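# Take a look and give me a structure for this.
(chains A and B)
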Number of protein chains: 2
Amino acid sequence: MEQHTDKLAADFILTGASRLVTAAPGTHPSADGALGVITRGALAAHAGRIVWIGPENQLAAHVALDGLPKDAWLDAGGRAVLPGFVDSHTHFVFAGDRAEEFQLRHAGVSYEELAARGGGILNTVRATRSASAHKLEVIAREHLRGFLIHGTTTVEGKTGYGLDLETEARCLDVMHTLATAPADMPRIVPTFLGAHTIPPEYRDTPDGRARYVDLVCEEMLPDFAGRARFCDVFCERTAFTVPETRRILERARDLGYQLKLHANQLGPSGGAGLAAALGATSADHLDFASDDEMDALARAGVVGTLLPGCSFSLSIPYPAARRLYAAGVPVALATDFNPGTSYSENMQMMIALAVSAMGMTLDQALVAATHGGARALAMEDEVGSLEVGKRCDLIVLSTADERHLAYHFGVNLVARTVVGGVPCAP
Amino acid sequence: MEQHTDKLAADFILTGASRLVTAAPGTHPSADGALGVITRGALAAHAGRIVWIGPENQLAAHVALDGLPKDAWLDAGGRAVLPGFVDSHTHFVFAGDRAEEFQLRHAGVSYEELAARGGGILNTVRATRSASAHKLEVIAREHLRGFLIHGTTTVEGKTGYGLDLETEARCLDVMHTLATAPADMPRIVPTFLGAHTIPPEYRDTPDGRARYVDLVCEEMLPDFAGRARFCDVFCERTAFTVPETRRILERARDLGYQLKLHANQLGPSGGAGLAAALGATSADHLDFASDDEMDALARAGVVGTLLPGCSFSLSIPYPAARRLYAAGVPVALATDFNPGTSYSENMQMMIALAVSAMGMTLDQALVAATHGGARALAMEDEVGSLEVGKRCDLIVLSTADERHLAYHFGVNLVARTVVGGVPCAP
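Take a look at the predicted model:
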């Protein structure tokens, strides 16, 4: 039967949202407050993108609903709906774990002693190097499932536990394989972090560092160009210096990578200033950034990515979120999911930490975990808010009010995760 | 067919535990370390109690396995098994929530302003008073489900949001109804906390306080004797004084109640000293207990119950767990689940906070969350560890090693909860 209508075509309809949090205030006449909340909201998508959003009682007037199959409808059942979380900083491809090391550290065993026992990042490098692509894929898939059931619909993933051409390539391959998996996956954004630490085989000779930076710049970066969207460097006293970082990132930029930095996590490394100077997309951690550096980041439009899971895991002070807001730096919140310093896939936990331990408001934390994360991946035109034209990536909570986030803590409040208009989890 | 055997009869068999954490070191020759871990362990129960525990390869020699129905077996599948958590301090019977108040408080709105808007504990009292027994039961059942899926098999519950004879009785009734529900519930231990705060109708006259304490002592306590196992008082500058607390608890003791105190949460209330003097079963919070008070608690054998969820929720410093251990006070860890200051049913979150924010080791936190909780309920002969003769209350993790607790944080690592030999959740 031919259909004569000027209504919008759709293949996914969400109804019954008590509060539809757009995270895009000002984009819709019904979207109230700092989070742009539409009360009793609905949404329609076509081919994975949002085509209409608004109050449910206006849905039928705008969207062609007749004849839509039953499985095109998702009833939020009077619960709150939010954009899926965008986790812009993780290291989800690795083998092994460091649970024992974590517990020993918290039982008072020193870093030096743990290192002497083979602990730390090189522990994970050993396990990752000896793991097959298949094994890494199985493990990574399980991690991604963890992200998904906790509401993350876009996840950045870094290499950096290979530290040789072959293993770094294998980790990138795993991300690409998973990114093209048929379904039930968050979107994956691959980042090359060959400069995570100096690999063990380059540590014993005076020119080892320089030779490894050469390897990164002259072999790895050209080889991976186009396969990793970002290049990241761990710029820290214990890792790569500012000149080394600059050399790597300038080379990466020339090859078409976008830039990120692990900056000022453990001390005033100068990484934040470099991120501003290079116009990086984001500078991450920022536990020790000075006021001048924050101002520079703000002027350069660099996103400051805060990773409170590290502070929680390491029992160290939290980054000064309020100073970033005061300086006008755009803020993202991410898990830093990794086996050493933040083993959590749950962005809701980071939101709770942001509110409880970093003095952020829930509105700030929610925006940082969605729109902020999208900006930190230069994907704000695609994901991070619920707006017409963007990807239909959203979560349905188990509660009617998004203000239960942070308040009702330590539990998973996500009942349903939708990626590209497809309900994926649980 | 007649069976001739001197083997133990069982109706529940657990096998396949990579690590069977008994939390009862020294009770079994195979139980190693501070947690009494049996590698490749198994366990048998009959009529809800453990009849045998040990290495799996010795199971068949001791337990009659022939002809056991398939559903009597639970295969842990190579994952870790622990005693169910004993959450010895919660307020799970209430109506309404205070999500908006929580978010406003963290957005900088003052306590005074929130109180003027009708916030705080009296908000919950209003909602609870106006809720029917059926409504309270439905809500409480949902909370109990939350405890269960996160691994709690015994949960204490306090009244204290009624503050009048009728509503306090209704809240006790709800706990009794749920305690006798057919299945899929944690064990419930009811506590009477009529002295939670001075109810609003007693606040406007000079003798109001005294009249409310009279009501508690002369009507409520006699009425509820035998129906609540414990009597608890919120002894605090903003609630009940030491003399008021003493009067209530001495009356309760005479009526056969066991005693608990909310002590030294917000300041040096003197509650901890009183708990020691009265020989209470536990003194809870202890954020501001002096060294002398800690010594007194240790001498009196009073359990110190730590509630880190409050500190997390209120963004205030954490209680000094290490001082309790140094003083020799037995330590319990609990959620303080309530709608105002700790809205979390998840003991795993409390374990993570204990390790990350209170300097406890995982072994300490696990013992405090199981055996410690049992001691805080005077139930250490029944629950809190996996030993022959005790209830078969246990959890199967989703991971092979209990050391993933605290380390892999912000997620639910409990795959299966068993109460009295019956798998209940998920």
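
# Doesn't A:E244 belong to a helix?
Yes. Note on A:E244: a helix contains this position according to DSSP: H, G, I helix; E, B strand; the rest coil.

# what about it, how many residues close to it?
Here the count is done by other C-beta atoms under 10 Å in any protein chain shown, and A:E244 has 20 residues near it. All C-beta atoms are positioned from the backbone trio N, CA, C, and that covers glycine.

# who are the neighbours in contact with it?
Residues near A:E244 by C-beta atoms under 8 Å, 6 or more residues apart in numbering or on different chains: A:195, A:209, A:213, A:233.

# which stretches of chain A have low pLDDT?
Along chain A, the model assigns pLDDT under 70 to residues A:1-5, A:182-183.

# what's the single longest helix in it?
As assigned by DSSP state H, the longest helix anywhere in chain A is helix A:133-149.

# quick revisit: next, give me the two most distant ones among the contacts of A:E244.
A:R209 and A:V233 (13.1 Å; C-beta to C-beta).

# what about the two, which has more around it?
A:V233 (32 against 15).

# check which helix or strand covers the more buried one.
Following DSSP states H and E, the helix or strand that holds A:V233 is strand A:230-235.

# Kindly format the C-alpha coordinates of that strand as PDB.
Coordinates of each C-alpha in strand A:230-235 appear next as PDB, following Å, rounded to 0.1, in the frame of the first residue of the first chain:
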ATOM      1  CA  PHE A 230      44.100   9.600  18.200                       C
ATOM      2  CA  CYS A 231      47.700   9.500  19.300                       C
ATOM      3  CA  ASP A 232      48.200   9.800  23.100                       C
ATOM      4  CA  VAL A 233      51.400  10.100  25.100                       C
ATOM      5  CA  PHE A 234      51.900   9.600  28.900                       C
ATOM      6  CA  CYS A 235      53.800  12.800  29.600                       C
END
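
# Tell me which other helices or strands that strand touches.
Under the contact criterion of 3 or more C-beta pairs under 8 Å, 6 or more residues apart in numbering or on different chains; DSSP states H and E, the helices and strands touching strand A:230-235 comprise strand A:187-195, helix A:242-254, strand A:258-263.

# report the angle between the axes of that strand and helix A:242-254?
In terms of direction (axes from the mean of the first three to the mean of the last three C-alpha atoms, to 10 degrees), strand A:230-235 departs from helix A:242-254 by 180 degrees.

# Pull the contacting residues for the closest residue to A:R187 other than its chain neighbours.
The shortest distance from A:R187 to any residue that is not its chain neighbour, by C-beta to C-beta, 6 or more residues apart in numbering or on different chains, is 4.3 Å, and that residue is A:T154. Neighbour list for A:T154: A:84-88, A:186-189, A:373-374, A:377, A:379, A:383-384, A:393 [criterion: C-beta under 8 Å, 6+ apart].

# and with 10 Å instead?
Listed by C-beta atoms under 10 Å, 6 or more residues apart in numbering or on different chains, the contact partners of A:T154 are A:83-88, A:147, A:186-189, A:370, A:373-374, A:377, A:379, A:382-384, A:391, A:393, A:419.

# hmm, back to that, any idea how far the strand holding A:V233 is from the chain center?
A distance of 15 Å separates the centroid of the chain from that of strand A:230-235, by C-alpha atoms, centre = their mean, to the nearest Å.
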